[in-house]
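S.K.: Sharing a sequence plus its predicted fold:
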Amino acid sequence: MYAPQGAMPPGWGPNAVVITAADFENGRLPAICAVTGAAASANLVRRYSTTPGWVGCMFFISWAALAVAYLFTHQRVTGRLPVIASIAAHVDRLHRTGSRLFAAGLVAWLLAAVLGLAAGGTIGTVAATTGLTLGALAFAVSIATRVMESFALGIHGRVTKDGFGTRWVQLRGVHPAFVQAVANTRR
């Protein structure tokens, strides 16, 4: 778990740690909660990804250039983050709620389209409008739930790749005890 010097972006401070993507993916992290610093009793599956900021400028050239630049520069990693059981349960509950609301929004929009076309007239218009409104509300609450999930954990990640092809995960907002435990495993 060696981290290259200068790997932290400016402003990340002491509550940040750099680990290899392989260690993150394989769950080879210390059994210390990354949020509270207590002994971890659960692992929370998290996905972190990073795309360089300049990739968005490719939109002004063409959609194809944007897609190609995204495909070749996007870095993604999925791994297990050690946390205490109560935090894992809370974050999982928020994640499930957000996923269900997203699915409910899709179903509401599909039903709105079918009922609007099938019923026709004023009733069809009212059914379609109601379905579209309920679907939009479900999507909005789903987005709010995902934001709450991110705030509940409080850890933000970023994936980078060095010049040798090694992928690194930079975690910001972790507990100092977790930072120390990671540093101790490097010795």
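M.R.: Perfect, I can see it now.
S.K.: Show me the longest helix that occurs in this structure.
M.R.: helix 85-119 (DSSP state H).
S.K.: per-residue pLDDT, the residue sitting furthest away from the middle of the chain?
M.R.: Computed with CA atoms, centre = their mean, the residue of the chain farthest from its C-alpha average is residue 121, at 43.2 Å. pLDDT recorded at residue 121 is 82.
S.K.: one step back: helices or strands up against the longest helix of the chain?
M.R.: For helix 85-119, the elements it packs on are strand 42-50, helix 121-153, judged by 3 or more CB pairs under 8 Å, 6 or more residues apart in numbering; DSSP states H and E. Using the backbone N, CA and C atoms, a C-beta is placed for each residue, glycine as well.
S.K.: what does the shortest one rub up against?
M.R.: Read that as strand 42-50. 27, 74-85, 87-89, 91-92, 153, 155, 157-160, 169 (CB atoms under 8 Å, 6 or more residues apart in numbering).
S.K.: Make a ChimeraX selection of the buried ones in those.
M.R.: Burial among these is assessed by 16 or more other CB atoms under 10 Å; the matching ChimeraX selection reads:
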select :75,77,79,80,81,82,83,84,87,88,91,153,155,157,158,159,160,169
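S.K.: so where's the chain shaky on pLDDT?
M.R.: The model of the chain has pLDDT under 70 over residues 1-13, 187.
S.K.: Mind listing the residues bridging to residue 161?
M.R.: On the basis of DSSP bridges, residue 161 is bridged to residue 167.
S.K.: That's all I had, so thanks and see you.
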